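>>> Model the structure of this input:
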Amino acid sequence: MWDSDGGIMWKDSYAIGVELIDTQHKALFNNVTEGLLLSIQAPDIYRHKQYCINTISFLKSYVVQHFKDEEAYALSIRFPGYEEHKQQHVNLAQEVFEYEKQLTKSNFSLHVIKRFMAFALRWLMHHVAVEDGKLKHNSANVTISA
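Numbering: from 1, shown residues only. All right, here's what the predicted structure looks like:
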């Protein structure tokens, strides 16, 4: 589960077989684990905040494009759980924006960063590995473009 740098390791079993989506998921794993670990380990408050800000910024842009791409794919394969999956995306995006507010309000306190980390790790381990994995079982090598 953990790689040699202490981040959550991408496993090929998480892949759904759609290059665009799998590439985006790998970027999510890399950016989230690296950014959050760096923010916790930063030697001073400025870098501590900056790494966390960078991670939030990545997630804000990620949710817009990736969710759009993943939902287009789900529609293209007539995924039976589309509406529920789309609602999960709405909820995840709302949580990202809510954590941004909480982090800013707390001046990026370690307590709030740890809660944000727990949310992000849950996202990686549950949504990507489990919920998005359901798309794999419904795919027929459909290709989508960005």
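
>>> how about the helices in the chain?
Taking DSSP state H to define them, one finds helices in the chain at 19-41, 45-76, 82-105, 110-122, 133-136.

>>> Just send these back as TSV, with distance to Lys11 too.
Placement of C-beta: from N, CA and C, glycine included. Putting these into TSV (distance: least, C-beta to C-beta, whole Å) gives the following:
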stretch	distance to Lys11
helix 19-41	9
helix 45-76	18
helix 82-105	20
helix 110-122	15
helix 133-136	11
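
>>> quick one: which of these is nearest Ser13?
Taking C-beta to C-beta as the measure, the helices of the chain were each checked against Ser13, and helix 133-136 came out nearest at 8.1 Å.

>>> before we move on, the earlier item: can you lay out the helices of the chain as CSV showing mean pLDDT, distance to Asp12 and mean neighbour count?
Compiled in CSV, those are given as follows (pLDDT from 0 to 100; distance: least, C-beta to C-beta, whole Å; neighbours: other C-beta atoms under 10 Å):
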stretch, mean pLDDT, distance to Asp12, mean neighbour count
helix 19-41, 85, 9, 18
helix 45-76, 89, 18, 17
helix 82-105, 95, 22, 15
helix 110-122, 86, 20, 16
helix 133-136, 90, 11, 16
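
>>> Nearest to Trp10 among those helices would be which one?
When these are ranked by distance to Trp10, counting by C-beta to C-beta, first place goes to helix 19-41 at 4.6 Å.

>>> Figure out which of the helices of the chain is closest to Met9.
Comparing the helices of the chain by C-beta to C-beta, helix 19-41 comes nearest, at 7.7 Å.

>>> Using PDB, write out every CA atom in stretch 22-34.
Written as PDB, here are the backbone C-alpha positions of stretch 22-34 (Å, rounded to 0.1, in the frame of the first residue of the first chain):
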ATOM      1  CA  ASP A  22      -5.900   5.800 -15.500                       C
ATOM      2  CA  THR A  23      -3.300   8.500 -16.200                       C
ATOM      3  CA  GLN A  24      -5.400  11.100 -14.200                       C
ATOM      4  CA  HIS A  25      -5.800   8.700 -11.300                       C
ATOM      5  CA  LYS A  26      -2.000   8.100 -11.200                       C
ATOM      6  CA  ALA A  27      -1.500  11.900 -11.100                       C
ATOM      7  CA  LEU A  28      -4.000  12.100  -8.300                       C
ATOM      8  CA  PHE A  29      -2.200   9.500  -6.200                       C
ATOM      9  CA  ASN A  30       1.200  11.200  -6.900                       C
ATOM     10  CA  ASN A  31       0.200  14.800  -6.200                       C
ATOM     11  CA  VAL A  32      -2.000  14.100  -3.200                       C
ATOM     12  CA  THR A  33       0.400  11.900  -1.300                       C
ATOM     13  CA  GLU A  34       3.500  14.000  -2.200                       C
END
